[in-house]
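J.: sequence first, predicted coordinates after that:
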Amino acid sequence: MAILEVNNIKKVYTTRFGGNQVQALSDVSFSVEKGEYVAIMGESGSGKTTLLNILASLDRATAGQVLLNGKNVSAIREGELSAFRRQNLGFVFQDFNLLDTFSLQDNIFLPLVLAGKSYNEMRSRLMPIAEKLSINEILSKYPYEVSGGQKQRAAVARALITNPQLILADEPTGALDSKAAEGLLSMFQNINEEGQTILMVTHSIKAASCAKRVLFIKDGQVFHQIYKGSSSNEEMYQKISDTLTVITTGGERNE
Amino acid sequence: MNRFFYGRLAFSNLKKNSGLYLPYILAAIGVSAVYYIMGAISRDEGIKKMPGSGDVAMILGLGCWVIAIFAVIFLFYTNSFLMKRRKKEFGLFNILGMEKRHIGKMMFWEMVMVASVSIVFGIVVGILLNKLVVLILMRLVDLEVPFGFSVSVEAIVNMVILFGCIFVVTLIYNLFQVQKARPIELLQSANQGEKEPKTRWILTVMGLLFLAGGYGIALLVKDPISVLLLFFLAVILVIAGTYCLFTAGSIAVLKLLRKNKNYYYKINHFTSVSGMIYRMKQNAVGLSNICILSTMVLVMISGTVSLYMGVDDSMKERYPKNINLTGYDLTSSEKEVMRELARRGVSDLGIEMEEVLEYNSLSVTAYKDGETLHLGEQGIVSKGEVSVMQWITMEDYEHLGGKHTELMEDEVLVYTMRGDTNDQQYHLGDKSFRIKEYLPELLIGGTKAEVVYDVYFLVAKDETVLQEIQKIQKEAYKDRASNINTLIYMDVTGGKEQEIACANHIKELLEAHNQSLPEEEQINLRVDSREDNKEGFMIFCGGFLFLGIFLGFVFLMATVLIIYYKQVSEGYEDKGRFEIMQKVGMSKKEVKASIRSQVLKVFFLPLVMACIHLTAAFPMVNRLILLFGMVNAPLFAICTVATVGVFAVIYAIVYGITARSYYKIVG
């Protein structure tokens, strides 16, 4: 069963005085099954972030619909949106988006506190996650006291703690060094193997090669997709890299 | 390169940053105008000519200094806000290839523009407002307004020098700041200070102790002379305590709250407590400044307003009737002359006496230690409280309308407003007086006017007792001993002018009478009219009120500006946090509510604290204005409450206006 269905999404930005119209997404359709790990790739300006914002219900599409568990996200009223987001989606951002006024633990608790959970419940939910992400030693530290990789792990913990239907990750390795990035990616793979659905936007081939499926976006449309199947990460890397070459050079080489 | 390049760059910088610079320039114009006005008025020829101008000039001169000191601190403080916001810009210029020297040039031109605009407009506004302020001052002190539109060159020169210096020093400070910073630091300086503040218990405890000390002095010190001396100590303690508590205490309290898991992990408390910890660290000094300034505004305005409103009351206390004659150590024939002078003084003017009170009284200053009254110099007698014992005879008491009581030679009736009322007897030298009865009231006025010491009114059997006491007193105090005074208080028909004329006429008659006599036989008599004294007192109080309102206004302006800058600079910082919270799943409404509650708490905390300070200061200020003869405590209370009310409204309005610009930045 598809957990996420994206049907003919179109997004047109209009400049402030109504003059120029810029089409960010022209017609995007795809679906994500439960337990999938999908990466969306594309060059800068291809509309990746716009797409993610629409999926995250942070932005509204000009046309088309997004169904999460069969529920039309664009039909949810403004007042209920943030609660919906909190209950169904987990976010991991490129720049972590941790609040510097909170310790890591409190940052992770934030969505649960907003949902009105008790301290004991939050604590019991946190413990296994912190163990898995190996951040239980640094929970009382503040974001400015820990490394980028640790920050991102805390952000992942914050995304996981609500048991979301879907994790949306926006360039999660973008601000990490290669070692931390590798660690994070293997963590994503582990989480995914435990059944967590992940949708990641990235332009790093390395990151995308960990996913089970990669969608390529070009000029506001889904241009191509490849499945990992039983390939190893290295083979997947090669596939993606070839596909990207095809996309950027217009496919001449294969002709 | 174009010669005017840096000038133009500076100008466009100011224009781009007008949201920051406009309030700064307006404030500089305001402060400089205020300084000019103060300087001009204290040099005003018209004011120098009016009666009692010495007092007013002294008060205004004091005001000049206060404003000068204030201007330095205030402009420096607001400048630091500007620098904090602009460092990133300077860093960018630096990285784009401008050398520090060039940035310096640019900053120099910026400062030249800011300074010249501020000073020129300060002079213009100052001159224009000066007239208005003179009008207000004259109205307050109840005097005719002199015509003309005066410009004081001396005051202008003074002001240009002072503010020129302030701007030059500010520029040097800013240049130094940029000079020592590396470009990367400049770029990032807007995001500095993320570290969580430590809990500083020692500072918190010290703050509490300081505050307790200050409040203790204000509440416990009863002796007005000590109040005067200790007032500044109390003020300093409270200021120190406020700083400590705002910087350390607030954080300690918030951290305690955070430790309480059940409290902290609630949707309303979670973001606000942690946000407050963060905010308090950056804003503690600013908030304590606001708190202290607000307290000063409130104390000053409520004190001076009630002093001014109470002029009539205090004059009535000090001068129970329209015309008051005091004769010193008169024989009975001289007393007759005194009465005759009073009668003639009234009848010569064709007016009539209405109510006349006459009595004799002997005033003895003693150190009252329980039931024993010590006589002697201060230093020799160390025990007991200074008390003024006013002796009158039973006969006079009856004259005044008191009920006759049969008294023995060693018996007295006692009335006191603030003194002890549990004594059985008094021991004075080798004599003892049994207290037969405490009187509920005394029928002469002026009982509240003596505020420095405790006052006891003692009714004794007859004049012989008074003379015996005077003898004892003379032995102790020698020629500094006081005399038996004869007092005649009377109301006369007619208005203000007649009263003054009548008093003056009595003085003339007295002089005429004394001229014909050798010195030993001259009558030692003092004549006061309430109206005459009121005029002088009015000028004094009006001057103070003027200063109070004026400084209050200036401090208010400072408070407003600090609030504004705080809101703006916090807006930029909160913008990022606002966005993150939304992404994590807080609705716009929740974020807005959370930030509003934080901002509300942070900005109204100083006001609440100021009100607490004011409440604690109330008894002390009350005693202080008692020294100026203001005896109407309820009036003072009303004035205080009214001042707080008006201030709170202004504060709320300012908050509302600045909060709008804050939400504009955040949203």
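T.: Yes, it's here. On a predicted model such as this, the values are computed, not experimentally measured, just so you know.
J.: what mean pLDDT does stretch B:643-657 have?
T.: Mean pLDDT, stretch B:643-657: 87.
J.: now what about it, what contacts it?
T.: B:294, B:297-298, B:301-302, B:305, B:556, B:559-560, B:563-564, B:603-604, B:607, B:611, B:614 (Cβ atoms under 8 Å, 6 or more residues apart in numbering or on different chains). The way it works is simple: take the backbone N, C-alpha and C, and place the C-beta from them, glycine included.
J.: and which of the residues you listed is nearest residue A:159?
T.: Nearest to residue A:159 out of the contacts of stretch B:643-657 is residue B:603 (Cβ to Cβ; 35.0 Å).
J.: and for the closest residue to chain B within the stretch 151-255 of chain A, the neighbour number?
T.: Residue nearest to chain B within the stretch 151-255 of chain A: residue A:158 (7.0 Å; Cβ to the nearest Cβ). By other Cβ atoms under 10 Å in any protein chain shown, the residues close to residue A:158 number 26.
J.: same question, the one 10 residues further on
T.: Residue crowding around residue A:168 was assessed by other Cβ under 10 Å; the count is 24.
J.: what's the answer for the one 3 residues further on, then?
T.: Other residues within reach of residue A:171, judged by other Cβ under 10 Å, total 20.
J.: surely it is in contact with residue A:203?
T.: Yes: Residue A:171 lies in contact with residue A:203 (Cβ atoms under 8 Å); the separation is 7.4 Å.
J.: what are the buried residues along stretch B:653-667?
T.: Within stretch B:653-667, the residues scored as buried using 16 or more other Cβ atoms under 10 Å in any protein chain shown are B:654-655, B:658-659, B:662, B:665-666.
J.: quick one: mean pLDDT over the lengthiest helix in chain B.
T.: Identified as the longest helix of chain B according to DSSP state H is helix B:530-584. Per-residue pLDDT over helix B:530-584 has a mean of 78.
J.: report all helices and strands that the next helix-or-strand element following that helix contacts.
T.: Using DSSP states H and E, the helix or strand that directly follows helix B:530-584 along the chain is helix B:588-627. Packing partners of helix B:588-627 (3 or more Cβ pairs under 8 Å, 6 or more residues apart in numbering or on different chains; DSSP states H and E): helix A:78-88, helix B:201-220, helix B:224-244, helix B:267-309, helix B:530-584, helix B:633-666.
J.: separation between residue B:100 and residue B:91?
T.: Distance, residue B:100 to residue B:91, using Cβ to Cβ, to the nearest Å: 11 Å.
J.: more neighbours, these two?
T.: A count of neighbours by other Cβ under 10 Å puts residue B:91 above the other of residue B:100 and residue B:91, at 22 against 18.
J.: confirm that that one sits in a helix.
T.: Yes: judged by DSSP: H, G, I helix; E, B strand; the rest coil, residue B:91 forms part of a helix.
J.: thought it was touching residue B:178?
T.: No: between residue B:91 and residue B:178 there is no contact under Cβ under 8 Å: 9.1 Å.
J.: so what's the residue count around the nearest residue to residue B:171 once chain neighbours are set aside?
T.: Using Cβ to Cβ, 6 or more residues apart in numbering or on different chains and skipping the chain neighbours, the partner closest in space to residue B:171 is residue B:111 (4.4 Å). Using other Cβ under 10 Å, residue B:111 is surrounded by 19 other residues.
J.: about what we covered before: let's have the buried residues of stretch B:653-667 in a markdown table, adding distance to residue B:539.
T.: Listed next are those as a markdown table, based on distance: Cβ to Cβ, whole Å:
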| residue | distance to residue B:539 |
| --- | --- |
| B:654 | 33 |
| B:655 | 38 |
| B:658 | 39 |
| B:659 | 43 |
| B:662 | 45 |
| B:665 | 49 |
| B:666 | 51 |
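J.: with respect to chain A, which of those is nearest?
T.: Among the buried residues of stretch B:653-667, residue B:666 lies closest to chain A (Cβ to the nearest Cβ), at 14.8 Å.
J.: can you name the residues that contact the closest one?
T.: Residue B:666 touches B:571, B:574-575, B:578, B:595, counting by Cβ under 8 Å, 6+ apart.
J.: ok, now with 7 Å
T.: By Cβ atoms under 7 Å, 6 or more residues apart in numbering or on different chains, the contact list for residue B:666 reads B:571, B:574-575, B:578.
J.: drop anything exposed from those.
T.: The buried subset of those (16+ other Cβ under 10 Å) comprises B:571, B:574, B:578.
J.: so which of those residues are also by chain A?
T.: By Cβ under 7 Å from any Cβ of the partner chain, no member of the buried ones among the contacts of residue B:666 lies near chain A.
J.: distance to residue B:416 for those residues - can I get that in a markdown table?
T.: Listed next are these as a markdown table, based on distance: Cβ to Cβ, whole Å:
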| residue | distance to residue B:416 |
| --- | --- |
| B:571 | 60 |
| B:574 | 61 |
| B:578 | 65 |
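J.: give me every residue in chain B lying close to chain A.
T.: Within chain B, the residues that sit near chain A (Cβ under 7 Å from any Cβ) are B:194-196, B:261-262, B:265, B:267, B:270, B:274-275, B:277-278, B:577, B:580, B:583-587.
J.: buried ones among the residues you listed?
T.: B:196, B:265, B:267, B:270, B:274-275, B:277-278, B:577, B:580, B:583-587.
J.: tell me which two in those residues are the farthest apart.
T.: Largest pairwise distance in those, by Cβ to Cβ, is 27.1 Å, between B:196 and B:587.
J.: strands along the stretch 51-200 of chain A, start to end?
T.: A:63-68, A:71-72, A:89-92, A:166-170, A:197-202 (DSSP state E, counting those that start in this stretch).
J.: would you turn those strands into TSV with mean pLDDT and distance to chain B?
T.: Output for the strands of the stretch 51-200 of chain A, formatted as TSV (pLDDT from 0 to 100; distance: least, Cβ to the nearest Cβ, whole Å):
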stretch	mean pLDDT	distance to chain B
strand A:63-68	88	14
strand A:71-72	86	17
strand A:89-92	88	6
strand A:166-170	90	10
strand A:197-202	91	14
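J.: so what pLDDT did residue 85 get?
T.: With no chain named, the answer covers chain A. Residue A:85 is assigned 83 on the pLDDT scale.
J.: switch to chain B, please.
T.: For residue B:85, pLDDT reads 79.
J.: okay, buried residues for stretch B:617-628 please.
T.: Neighbour-count burial for stretch B:617-628 [16+ other Cβ under 10 Å]: B:617-626, B:628.
J.: ignore the last one, stretch B:396-407
T.: Applying 16+ other Cβ under 10 Å to stretch B:396-407 flags B:396-397, B:399, B:402, B:407 as buried.
J.: one more: stretch B:294-306?
T.: Here stretch B:294-306 shows B:294-306 as buried, counting by 16+ other Cβ under 10 Å.
J.: what's the neighbour count on residue B:367?
T.: Counted with other Cβ under 10 Å, residues neighbouring residue B:367 total 18.
J.: SS state for it?
T.: Under three-state DSSP, residue B:367 comes out as strand.
J.: if you skip the residues just before and after it, what's nearest to it?
T.: Closest to residue B:367 by Cβ to Cβ, 6+ apart is residue B:384, at 3.6 Å.
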